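S.K.: Give me a 3D structure for the following:
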Amino acid sequence: MNILCLLIILITLNRSSSMPLLLIDLSHTLDPTIPFYPSQTRFNFTQRTAEWTSGDNSFFYSSNSFITSEHIGTHIDAPYHFYLTGWKVDEIPLKHLISVHARLIDVSKQCQKNKNYLITIDDVKKTDLYIPEIDEDTGDDFFFVLIFYTGWTKYWPDQNTYAGENSNIEFPGLSEQLATYLVDAYGKNLVGVGIDTLSTDYGLSKTYPVHQILAKNNKYGLENVALVDSLLQNIDDNFFTLDIIPMKIGNGTGAPCRIIARIDNSRRNSVNWFGFLFFFFILFLIGFFFKVVYDLKYNPNKSF
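M.R.: Numbers count the residues shown, from 1 in each chain. Predicted coordinates for the structure are as follows:
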């Protein structure tokens, strides 16, 4: 009976990892309290509702309105944001947005020591980042996004800790040298760069060189990416799949977007089930051993 109860408990615990595909939302919810860059229009939201009755029937109607910058919350920077002939939001190819590969670069330790940390080329080179030219699944070019994890998500949505106080904007970002290295090293395979701060350029920047380098090469930026624990616990330093869905704004320099990570959990599941079965095999051997000892002591005439 005890073994049966233990089996039920372990199956229940393993159930959360039995799904072959995990969907994780990497987008912050838009509301008027979220952090914003001082030069941008923050999210202003007006709720409008109405209720009325007609005879025996009651009715409810709601239609809200909002005014905000394109560059608010979790959003995409189109290349046109910093380059005259760069793609606008509605011109970014879907193959650069849907089912693209993504890899996380963890620089959180460096950023904890220095909130104005400039992410370096060495930070990327320390990562085992092999990029195939062709996607084995589709036969097309291997399009990928590099996302930098600074640890800033934990400060959301407090304006002062996430962005800095008043006009004293401080947070980590990419170095100019790193931006140049990425576009030179990975060429057309790299379609964008993401970060869990307000900007791909660090907070103290005045000329935004990272934006300019990425835009000139038609690479987009993803800013305020919500790098939640459920993502960090499931990627194991591997590539995962991203679906990036921005508002389709004509002539847009950027747009709020929904970013969904799709994690292939099948390999992890096979490892989990192997450990699960191995545990019960060991449990069986232990039980068998004690049964033999018991029978030898109390049932010496029993044949095995």
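S.K.: domain ranges for this structure?
M.R.: 20-40+64-264, 273-303 (the TED database).
S.K.: Give me whichever of the ones you listed is most buried.
M.R.: Ranked by mean neighbour count under mean count of other C-beta atoms under 10 Å, these are led by domain 20-40+64-264, which reaches a mean of 18. Placement of C-beta: from N, CA and C, glycine included.
S.K.: so how far is that domain off the chain centroid?
M.R.: 9 Å (C-alpha atoms, centre = their mean, to the nearest Å).
S.K.: Now mean pLDDT and distance to Ser58 too, for the domains of the chain, in a markdown table please.
M.R.: A markdown table is the format used below for these (pLDDT from 0 to 100; distance: least, C-beta to C-beta, whole Å):
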| stretch | mean pLDDT | distance to Ser58 |
| --- | --- | --- |
| domain 20-40+64-264 | 96 | 21 |
| domain 273-303 | 61 | 52 |
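S.K.: Any chance of TSV for the ones you listed, columns distance to Gln47?
M.R.: Below are the domains of the chain laid out as TSV (distance: least, C-beta to C-beta, whole Å):
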stretch	distance to Gln47
domain 20-40+64-264	5
domain 273-303	48
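S.K.: all helices of the stretch 51-200 of the chain, in order?
M.R.: Using DSSP state H, counting those that start in this stretch, the helices of the stretch 51-200 of the chain run over 108-113, 121-125, 159-163, 176-186.
S.K.: was I right about Phe45 contacting Thr29?
M.R.: No: Phe45 lies out of contact with Thr29 (C-beta atoms under 8 Å); the separation is 11.2 Å.
S.K.: Asn234 contacts Val228, correct?
M.R.: No: using C-beta under 8 Å as the test, Asn234 is too far from Val228 to be in contact (10.3 Å).
S.K.: Which neighbours do these two have in common?
M.R.: By C-beta atoms under 8 Å, 6 or more residues apart in numbering, Asn234 and Val228 have these common neighbours: Ile24.
S.K.: Contact partners for Phe66?
M.R.: By C-beta under 8 Å, 6+ apart, Phe66 lies in contact with Leu30, Phe43, Asn44, Phe45, Thr46.
S.K.: ugh, typo on my part, it should be Tyr155
M.R.: Each residue near Tyr155 by C-beta under 8 Å, 6+ apart is listed here: Thr161, Tyr162.
S.K.: same thing with Thr197?
M.R.: Counting by C-beta under 8 Å, 6+ apart, Thr197 has contacts Thr150, Trp152, Tyr162, Phe171, Pro172, Gly173, Gly203, Glu223, Asn224.
S.K.: Give me the distance between the two termini of stretch 156-170.
M.R.: Using C-alpha to C-alpha, to the nearest Å, the end-to-end distance of stretch 156-170 comes out at 14 Å.
S.K.: What lies in contact with that stretch?
M.R.: 28, 33-38, 115-116, 152, 155, 171, 197-198, 203-204, 224, 226.
S.K.: contacts for stretch 42-58?
M.R.: In contact with stretch 42-58 (C-beta under 8 Å, 6+ apart) are residues 30-32, 34, 36, 59-69, 72-73.
S.K.: try 7 Å
M.R.: The contact list for stretch 42-58, computed with C-beta atoms under 7 Å, 6 or more residues apart in numbering, reads 30-32, 34, 36, 59-68, 72-73.
S.K.: Could you do stretch 101-115 as well?
M.R.: For stretch 101-115, using C-beta under 7 Å, 6+ apart, the contacting residues are 117, 119, 123-124, 127, 129, 142-151, 170-172, 235, 239-242.
S.K.: so of the residues you listed, which ones are in strands?
M.R.: Among the contacts of stretch 101-115, DSSP state E puts Ile119, Phe144, Val145, Leu146, Ile147, Phe148, Tyr149, Phe240, Thr241, Leu242 in strands.
S.K.: Contacts only, for the second one.
M.R.: Pointing back at Phe144 there. By C-beta under 7 Å, 6+ apart, the contact set of Phe144 is Val100, His101, Ala102, Arg103, Ile131, Asn189, Leu190, Val191, Phe239.
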